[in-house]
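Colleague: Structure of the sequence below:
(7 chains)
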Amino acid sequence: MSERPLDALDRAKGKKILIKLKNGEEITGILRALDLHLNLWLDEAEIQKSENKVRLGTVLVRGDTIVYASPVV
Amino acid sequence: MSERPLDALDRAKGKKILIKLKNGEEITGILRALDLHLNLWLDEAEIQKSENKVRLGTVLVRGDTIVYASPVV
Amino acid sequence: MSERPLDALDRAKGKKILIKLKNGEEITGILRALDLHLNLWLDEAEIQKSENKVRLGTVLVRGDTIVYASPVV
Amino acid sequence: MSERPLDALDRAKGKKILIKLKNGEEITGILRALDLHLNLWLDEAEIQKSENKVRLGTVLVRGDTIVYASPVV
Amino acid sequence: MSERPLDALDRAKGKKILIKLKNGEEITGILRALDLHLNLWLDEAEIQKSENKVRLGTVLVRGDTIVYASPVV
Amino acid sequence: MSERPLDALDRAKGKKILIKLKNGEEITGILRALDLHLNLWLDEAEIQKSENKVRLGTVLVRGDTIVYASPVV
Amino acid sequence: MSERPLDALDRAKGKKILIKLKNGEEITGILRALDLHLNLWLDEAEIQKSENKVRLGTVLVRGDTIVYASPVV
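Modeller: Below you'll find the model as predicted:
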């Protein structure tokens, strides 16, 4: 069976990913769960707003606010 | 069964969460109910607009206005 | 059966609610009916635009223009 | 059977209504037909753009451009 | 059977209509076909951009870019 | 059977069309395929950005970014 | 069977493509997988922001943020 785009994130479960949001902010965190709408559950999340970094801890990011998501190597 | 992203909020029922809205405002409140559209029912809600904090009490936040939601530890 | 977010408004039928719109305006009125899209029928509605308050009377507010809705105590 | 939000407009058929659009313009006209998407058919419609009033006559207003619609008493 | 909003355009087939787009532009043309998404096929279409009028000839206008459409009497 | 709006493009397959995008850019190219979402496959495509013309070659244009599409005579 | 627009990308699997995003940014990378929503999985991805080029490596680009995608010859 051929691969699906969401597999790129599915295999990053338990690892750190970077999310770019439509409002320009970036969130990093440990990916715990995702669904077909690209809703993401992150643990140990931090959000980068211009100069500041804010700890969010556990966060649910709504899929339709995401531009791209990328595993952090 | 594997976890779903919305479980991150479901387990925060009865507890305080922080919601970031697409218009930039932040709402905090006690999570009472949520659905698959990410519509949220909060009690004892307060909204943070730039400098001001406004008490809303009970509020229904429409899911498609949410960027992310995070349990407040 | 567990509660749903829209119950927060359903129990406010016949009572005054405050609606915050995506365009920044606020509408208050007596909630008469709502549906799953969050379309709302208000009676005795008034809209707050910056300094002015305008009487609308009966109004149908389209659900996808709503940020949040809150019963006024 | 309980009332639905769209009934607020349905009972205004044949009467004058005011529509507020997402682009800030206001249209008035005699409501002739509506559907579940809130698409509206108006006759004798006029559009208010800042200072100017423009006659449109018959017009189909797309539902997803509407903020609210209100019967004019 | 009661009338539907799209009938307002359906009866304008073969006639000239005016379309207002969400980007503020206006297109006129002879309506040839429409569907439930409000996608419109116009012939002899012209687009009005601020001062300029540009001939498009045959054009397919995507329904979700339309604010309103009005038969030109 | 009556004509559908997408037929306006379907008959332009193999010919040059002009696409106006929601971001204001214009793309021209030879139409090779289209679907119901108005996703378009163009060959020999060029994009016009203000003063500049950029060669894209083969391109898939996402339907929901299109304002209108017009066969170039 | 006639071709579909997404075939334009499907045949570019394993090759370099250029993606233009709605926020104006451009991403290049090796296309690994795509789905009907135009969600794309890229490897060796780089993002071009005004003057800067940033390495992303593996990335999932959400389909609804894409304006167009083009195989790089």
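
Colleague: so the closest residue to residue A:20 other than its chain neighbours is in which element?
Modeller: Distances taken as Cβ to Cβ, 6 or more residues apart in numbering or on different chains put residue A:67 closest to residue A:20, at 4.5 Å, once the chain neighbours are dropped. The way it works is simple: take the backbone N, C-alpha and C, and place the C-beta from them, glycine included. Taking DSSP states H and E as the definition, one finds residue A:67 inside strand A:66-71.

Colleague: neighbouring strands for that strand, and are they parallel or not?
Modeller: Strand A:66-71 has these partner strands in its sheet, going by DSSP bridges: strand A:16-21 (antiparallel), strand G:52-61 (antiparallel).

Colleague: among those strands, which is nearest residue D:59?
Modeller: Minimum separation from residue D:59 across the strands paired with strand A:66-71 (Cβ to Cβ) falls at strand A:16-21, 37.8 Å.

Colleague: For the residue lying closest to residue A:43 once chain neighbours are set aside, grab the count of nearby residues.
Modeller: Leaving aside its sequence neighbours, residue A:43 sits nearest to residue A:30 (Cβ to Cβ, 6+ apart; 4.6 Å). Applying other Cβ atoms under 10 Å in any protein chain shown, we find 17 residues neighbouring residue A:30.

Colleague: quick revisit: you'd agree the residue nearest to residue A:20 is up against residue G:21?
Modeller: Yes. With contact defined as Cβ atoms under 8 Å, residue A:67 counts as touching residue G:21 (6.5 Å).

Colleague: Between the two, which has more neighbouring residues?
Modeller: residue A:67 (23 against 19).

Colleague: Packing partners of the helix or strand harbouring residue A:30?
Modeller: Using DSSP H and E, residue A:30 falls within strand A:26-34. When contacts are defined as 3 or more Cβ pairs under 8 Å, 6 or more residues apart in numbering or on different chains; DSSP states H and E, strand A:26-34 sits against helix A:7-10, strand A:16-21, strand A:40-49, strand A:52-61, helix B:7-10.

Colleague: Overlap in contacts, residue A:67 and residue G:21.
Modeller: Common contacts of residue A:67 and residue G:21, defined by Cβ atoms under 8 Å, 6 or more residues apart in numbering or on different chains, comprise G:61, G:65.

Colleague: Now mean pLDDT too, for the strands paired with strand A:66-71, in a markdown table please.
Modeller: Formatted as a markdown table, the strands paired with strand A:66-71 follow (pLDDT from 0 to 100):
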| stretch | mean pLDDT |
| --- | --- |
| strand A:16-21 | 97 |
| strand G:52-61 | 94 |
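
Colleague: Single out the most deeply packed of the ones you listed.
Modeller: strand A:16-21 (a mean of 21; mean count of other Cβ atoms under 10 Å in any protein chain shown).

Colleague: Quick one: residues contacting the residue in chain A that chain C sits nearest to.
Modeller: Going by Cβ to the nearest Cβ, chain C is nearest to residue A:64 of chain A, at 12.9 Å. By Cβ under 8 Å, 6+ apart, the residues touching residue A:64 are A:37, A:38, B:64, G:64.

Colleague: Quick check: the farthest pair among those?
Modeller: Farthest apart among these by Cβ to Cβ are A:38 and B:64. That separation is 14.0 Å.

Colleague: For the residue most central in space within chain A, name its beta-bridge partners.
Modeller: Centroid-nearest residue in chain A: residue A:19, 4.2 Å away (criterion: Cα atoms, centre = their mean). Residue A:19 has these beta-bridge partners by DSSP bridges: residue A:27, residue A:69.

Colleague: Do I have it right that it meets residue A:41?
Modeller: No. At 11.7 Å, residue A:19 does not count as touching residue A:41 under the criterion of Cβ under 8 Å.

Colleague: Excluding covalently adjacent residues, which one is nearest to residue A:73?
Modeller: Residue A:73's closest residue in space is residue G:57 (Cβ to Cβ, 6+ apart), at 5.8 Å.

Colleague: And residue A:65, by the same measure?
Modeller: Nearest one to residue A:65, counting by Cβ to Cβ, 6+ apart, is residue B:67 at 4.8 Å.

Colleague: Chain F versus that neighbour, what's the distance?
Modeller: 21 Å (Cβ to the nearest Cβ, to the nearest Å).

Colleague: Just list whatever residues bridge to residue A:47.
Modeller: Bridge pairing for residue A:47 - DSSP bridges - gives residue A:27, residue A:54.

Colleague: Reformat the contacts of residue A:64 as TSV; add pLDDT and secondary structure.
Modeller: As requested, the contacts of residue A:64 are exported to TSV (pLDDT from 0 to 100; DSSP: H, G, I helix; E, B strand; the rest coil):
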residue	pLDDT	secondary structure
A:37	96	coil
A:38	97	coil
B:64	97	helix
G:64	97	helix
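
Colleague: Name the nearest of those relative to chain D.
Modeller: Nearest to chain D among the contacts of residue A:64, with distances taken as Cβ to the nearest Cβ, is residue B:64, at 12.9 Å.

Colleague: any idea how far that closest one lies from chain E?
Modeller: Residue B:64 is 16 Å from chain E, by Cβ to the nearest Cβ.

Colleague: Could you dump the helices and strands packed on strand A:26-34 into CSV with distance to residue E:2 added?
Modeller: Shown next, in CSV, are the helices and strands packed on strand A:26-34 (distance: least, Cβ to Cβ, whole Å):
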stretch, distance to residue E:2
helix A:7-10, 48
strand A:16-21, 45
strand A:40-49, 45
strand A:52-61, 43
helix B:7-10, 43
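
Colleague: right, so of the ones you listed, which gets closest to residue G:46?
Modeller: Using Cβ to Cβ, the helices and strands packed on strand A:26-34 put strand A:16-21 closest to residue G:46, at 13.7 Å.

Colleague: relative orientation of that closest one and strand G:40-49 in degrees?
Modeller: 70 degrees (axes from the mean of the first three to the mean of the last three Cα atoms, to 10 degrees).

Colleague: Only alpha carbons, please: show strand A:16-21 as PDB.
Modeller: Taking Å, rounded to 0.1, in the frame of the first residue of the first chain, the C-alpha atoms of strand A:16-21 are listed here in PDB:
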ATOM      1  CA  LYS A  16       9.700  16.600  18.800                       C
ATOM      2  CA  ILE A  17       8.000  18.400  15.900                       C
ATOM      3  CA  LEU A  18       7.800  22.000  14.700                       C
ATOM      4  CA  ILE A  19       4.500  23.400  13.700                       C
ATOM      5  CA  LYS A  20       4.100  26.600  11.700                       C
ATOM      6  CA  LEU A  21       0.700  28.300  12.200                       C
END
